[in-house]
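In: Here is my input; please provide its structure:
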Amino acid sequence: MQPLESSSIATEARHRRRERPLKAKLTTVLLLAVVLLAITPSAALASFSPSTYRANLQAAINHYRVNHGLCKLKVNLNLQRAASAHSGNMAKHHMLSHSSYSGISWSQRIRWYGYRGSWIGENLAVGQWTAKTTLRAWINSAPHRANLLGSHYRAIGIGVARGVWAGRWAYYITADFGGP
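Out: Okay, here's the model as predicted:
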């Protein structure tokens, strides 16, 4: 019986020696995972794509307009550049305003970027929003809804930038509308 017990003890000792490196490896992997999670604010932020966000918001706006008997809006590059520049400016300066940090009004900015249509409008949002929640917030606000349902609008430009708002990461969203 003794040899079996000693054999059993020897086997347990060998097993423990194998477990120690495995435990150390698992501990290291776990620590690395915790560190990575701590430095990454959110999966949504890490996977953020401005072009996807713009496309999703434009599709949601167009769906809303078509359901109200209006035409779909087409992307206008001048409006797109104006909206993108403004979202970047707001994110850089942690502000939500139709005027830029340097005081340029929204209409001056749209004209400066080359849009010449007679009708212009602008909607803004900031926060941890999806395209659908942005649209929902605008629908629930009479002035924003008026821009969404403006029958004179034919074009849109959407800008989205990541930044910080009230101490948390956020999306700064600008939608510039234009008509003939």
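
In: what stretches of the chain score poorly on pLDDT?
Out: For the chain, applying pLDDT under 70 flags the ranges 1-46.

In: where along it do the strands fall?
Out: Along the chain, counting by DSSP state E, strands occupy 74-75, 119-127, 155-165, 168-179.

In: Distance to Tyr113 for those - can I get that in TSV?
Out: (C-beta placed from N, C-alpha, C; glycine too.) Compiled in TSV, the strands of the chain are given as follows (distance: least, C-beta to C-beta, whole Å):
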stretch	distance to Tyr113
strand 74-75	13
strand 119-127	11
strand 155-165	8
strand 168-179	9
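
In: Just give the nearest non-adjacent residue to Arg81, would you?
Out: In space, and not counting its chain neighbours, Arg81 is closest to Tyr113: 4.8 Å by C-beta to C-beta, 6 or more residues apart in numbering.

In: and the one you found, how many neighbours?
Out: Other residues near Tyr113 number 20, with proximity taken as other C-beta atoms under 10 Å.

In: next one: the one 3 residues further on
Out: Other residues near Arg116 come to 10 when the count uses other C-beta under 10 Å.

In: what's the answer for Cys71, then?
Out: Using other C-beta under 10 Å, Cys71 has 11 other residues around it.

In: pretty sure it contacts Ala155?
Out: No: using C-beta atoms under 8 Å as the test, Cys71 is too far from Ala155 to be in contact (10.5 Å).

In: any idea how far Ile61 lies from Trp165?
Out: As defined by C-beta to C-beta, to the nearest Å, Ile61 lies at a distance of 22 Å from Trp165.
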